[in-house]
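Student: pasting a predicted model and its sequence here:
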Amino acid sequence: MDWNFTQIVPYIPFIFEGIKVTIQVTLISVVLGFIWGSVLALIKISKLGPLNWLAVAYTSVFRGTPLILQLSFVYFATPQLTGYNISQWEAAVLTFTLNSAAYISETIRGGILAVDKGQWEAAKALGVPYRRMMLDIILPQGVKNILPALVNETIALLKESALVSTIGLADILQNANVVKGTTFRYFEPYIIAGALYYVMVMLLTWVARFVERRMRRSD
Amino acid sequence: MIKIEQITKSFGQLEVLKGISTEIGKGEVVAIIGPSGSGKSTLLRCINLLEVPTTGKIIINGQAITDPKANVMQIRQQIGMVFQHFHLFPHMTVLGNLTYAPMKVKGMSKDKAEKKAKELLARVGLSDKADVYPSRLSGGQKQRVAIARSLVMEPQIMLFDEPTSALDPEMVKEVLEVMKGLADTGMTMAIVTHEMRFAEEVADRILFLDGGRLVEEAAPADFFHHPTSERAKQFLEKVR
């Protein structure tokens, strides 16, 4: 067995620098994806005809094609189609937002439909307009139902964010790749990168449990 | 105050209401009774348009609410409704449940809404529960909060859909007392109920429904002691 971390030690801070990009891409995408996914979910449960159909088609396309293809498409095809020279960071956040919104919208839709019909009726009987009812009464309860699923989505996104290394964005995996190329060591940089992802996922799991417990206070 | 003209309601092939006409006067308390499946709840839910009648007209204070152009939200703000299963908002405290609609729907200030909410909580005997979440309340307490939640909107009419049917027997009384108190203030009320004694005591008039038709309509004393229809006689024999 040939492994030796001493040679890698000077490069460890460089790999750690990738954490910032990984977290940024994940969190921004998940927040924007949640907002966009909520809008899609509300459209899907409404009776808005063509808009409804578009939302369903959108979800179908983003769930039916590989994420790495979507990322390459956004990064490489955008300049060709629009002339806009999209940065790696913009392409990453845009792709992950659009993609996670598709998955999150389905989760939220399920969560909304699982809210007791009586809640809708009580809100209607009080004269609450549809938009307010959705935002204040139905969505908060729907989201609570699906909180564990949303955290799972965030965790999945965190791991999938490693795909941004394919367009050269300096996240954890990309920096590990660079270290590999410089030192010709493979085992050590990938073990470190893997450990970083694992710790982040565990932290997220722990945060999720905490949030869930707090939200259950009203049960 | 409420005029119901020949309303029918069908769910697909099933005709639940087969042409019902009646009137409810201002300050009148009407109990709607009848066997299950007779259309009592559907009739009640038509009054605030939770169900839209298939045909027929409902006129409240001269306004035809069944007109497709009617402002449904505004109509509902004037009609309170209490449900069998309370339907309190579980993610809000008791006070939050009461102040939500006045603030967000009527644009009342927070101070004013809270003041009013606290008055009503005192009236239903739950002043000490303002800051707890509904899950901490007993069924009877939940229903009293639900009644208070409707009353903060200052409705002109209160609808009750089997308000005590989901309660443990020892909690029925506290809810009925609140309702009785409300009737004494002159509130116009329509109550779907299985509490015959309460109906007899509090209602001004009984509507007896069976099979989607209004079979008998009479003062409580007459209805409970001298029912005219065969169907009402059979029903009363079974429930008493």
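Tutor: In hand now; what should we look at? Numbering: from 1, shown residues only, chains lettered A, B, ... in the order given.
Student: where does residue B:153 fall, phi/psi-wise?
Tutor: phi -80, psi 0 (degrees, to the nearest 10).
Student: that one contacts residue A:126, doesn't it?
Tutor: Yes - counting by C-beta atoms under 8 Å, residue A:126 is a contact partner of residue B:153 at 6.3 Å. (Glycine included, C-beta is placed from N, CA and C.)
Student: what does chain B put close to chain A?
Tutor: Neighbours of chain A within chain B, by C-beta under 8 Å from any C-beta of the partner chain: B:48, B:50, B:73-77, B:79-81, B:83, B:85, B:87-91, B:100-101, B:104-105, B:133-135, B:149-150, B:153.
Student: so which of those sit within strands?
Tutor: Among the residues of chain B next to chain A, the ones falling in strands (DSSP state E) are B:79-81.
Student: can you redo those residues as TSV, where the extra columns are pLDDT?
Tutor: Compiled in TSV, those are given as follows (pLDDT from 0 to 100):
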residue	pLDDT
B:79	95
B:80	96
B:81	97
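Student: scan those and report the most crowded one.
Tutor: The most crowded member of these, judged by other C-beta atoms under 10 Å in any protein chain shown, is residue B:80 (28 neighbours).
Student: what about the nearest residue to that residue once chain neighbours are set aside, neighbour count?
Tutor: Nearest residue to residue B:80, sequence neighbours excluded (C-beta to C-beta, 6 or more residues apart in numbering or on different chains): residue B:150, at 3.0 Å. Residues lying near residue B:150 (other C-beta under 10 Å) number 25.
Student: wait, isn't residue B:150 in contact with residue B:156?
Tutor: No - taking contacts as C-beta under 8 Å, residue B:150 lies outside contact range of residue B:156: 11.5 Å.
Student: filter the residues of chain B next to chain A to the buried ones?
Tutor: By neighbour count, with 16 or more other C-beta atoms under 10 Å in any protein chain shown, the residues of chain B next to chain A hold B:48, B:50, B:73, B:75-77, B:79-81, B:83, B:85, B:87-91, B:100-101, B:104-105, B:133-134, B:149-150, B:153 as buried.
Student: so which residues on chain A come close to chain B?
Tutor: For chain A, the residues in contact with chain B (C-beta under 8 Å from any C-beta) are A:116, A:118-119, A:121-129, A:132, A:136-137, A:140-141, A:144, A:217-219.
Student: mind doing that once more with 10 Å?
Tutor: Selection of chain A residues close to chain B by C-beta under 10 Å from any C-beta of the partner chain yields A:115-130, A:132-133, A:135-137, A:140-141, A:143-144, A:215-219.
Student: what subset of those is buried?
Tutor: Buried residues within the residues of chain A next to chain B, counting neighbours by 16+ other C-beta under 10 Å: A:115, A:119-128, A:132-133, A:136-137, A:140-141, A:143-144, A:218.
Student: what residues are shared contacts of residue B:150 and residue B:156?
Tutor: Shared contacts of residue B:150 and residue B:156 (C-beta atoms under 10 Å, 6 or more residues apart in numbering or on different chains): B:79-80.
Student: picking up where we left off before, filter the residues of chain B next to chain A down to the ones in helices?
Tutor: When the residues of chain B next to chain A are checked against helices (DSSP state H), the matches are B:73-77, B:100-101, B:104, B:149-150.
Student: nearest to residue B:196, of these?
Tutor: Nearest to residue B:196 among these: residue B:150, at 24.0 Å, using C-beta to C-beta.
Student: what about stretch B:183-202, start to end distance?
Tutor: 7 Å (C-alpha to C-alpha, to the nearest Å).
Student: buried ones in it, by neighbour count?
Tutor: Buried residues in stretch B:183-202 (16+ other C-beta under 10 Å): B:183, B:187-193, B:195-196, B:198-200, B:202.
Student: so what's the gap between it and the chain middle?
Tutor: Here stretch B:183-202 is found 9 Å from its chain centre; the criterion is C-alpha atoms, centre = their mean, to the nearest Å.
Student: average pLDDT for it, rounded please.
Tutor: Averaged over stretch B:183-202, pLDDT sits at 94.
Student: could you do stretch A:66-75 as well?
Tutor: 96.
Student: touching it from outside, list them.
Tutor: With C-beta under 10 Å, 6+ apart, stretch A:66-75 has contacts from A:61-62, A:65, A:81, A:86-88, A:90-96, A:98-100, A:102, A:157, A:160, A:163-164, A:166-169.
Student: buried stuff in stretch A:99-119?
Tutor: Those would be A:99-109, A:111-112, A:115, A:119, for stretch A:99-119 by 16+ other C-beta under 10 Å.
Student: now, the residues you listed that are in helices?
Tutor: The helices, defined by DSSP H, take in A:99-109, A:111-112, A:119 from these.
Student: out of those residues, which two sit at the greatest distance?
Tutor: A:99 and A:119 (30.8 Å).
Student: per-residue pLDDT of residue A:218, please?
Tutor: Per the predicted model, pLDDT is 54 at residue A:218.
Student: now the helix ranked longest in chain A: mean pLDDT?
Tutor: Ranked by residue count and defined by DSSP H, the top helix of chain A is helix A:12-45. Across helix A:12-45, the average pLDDT comes to 94.
Student: that one - contacts with which helices or strands?
Tutor: With contacts taken as 3 or more C-beta pairs under 10 Å, 6 or more residues apart in numbering or on different chains; DSSP states H and E, helix A:12-45 sits against helix A:50-64, helix A:88-113, helix A:139-145, helix A:147-160, helix A:172-183, helix A:187-215.
Student: of those, which stretch is the most buried?
Tutor: Sort the helices and strands packed on helix A:12-45 by mean neighbour count, taking mean count of other C-beta atoms under 10 Å in any protein chain shown, and helix A:88-113 sits at the top with a mean of 22.
Student: off-centre distance for that one?
Tutor: With C-alpha atoms, centre = their mean, you get 6 Å for helix A:88-113.
Student: does residue A:39 really touch residue A:101, like I thought?
Tutor: Yes - using C-beta atoms under 10 Å, residue A:39 makes contact with residue A:101 at a distance of 8.3 Å.
Student: any shared contact partners between the two?
Tutor: residue A:108.
Student: who does the helix or strand where residue B:158 lies pair up with?
Tutor: Per DSSP states H and E: residue B:158 is located in strand B:157-161. Strands that pair with strand B:157-161, judged by DSSP bridges, come out as strand B:79-82 (parallel), strand B:188-192 (parallel).
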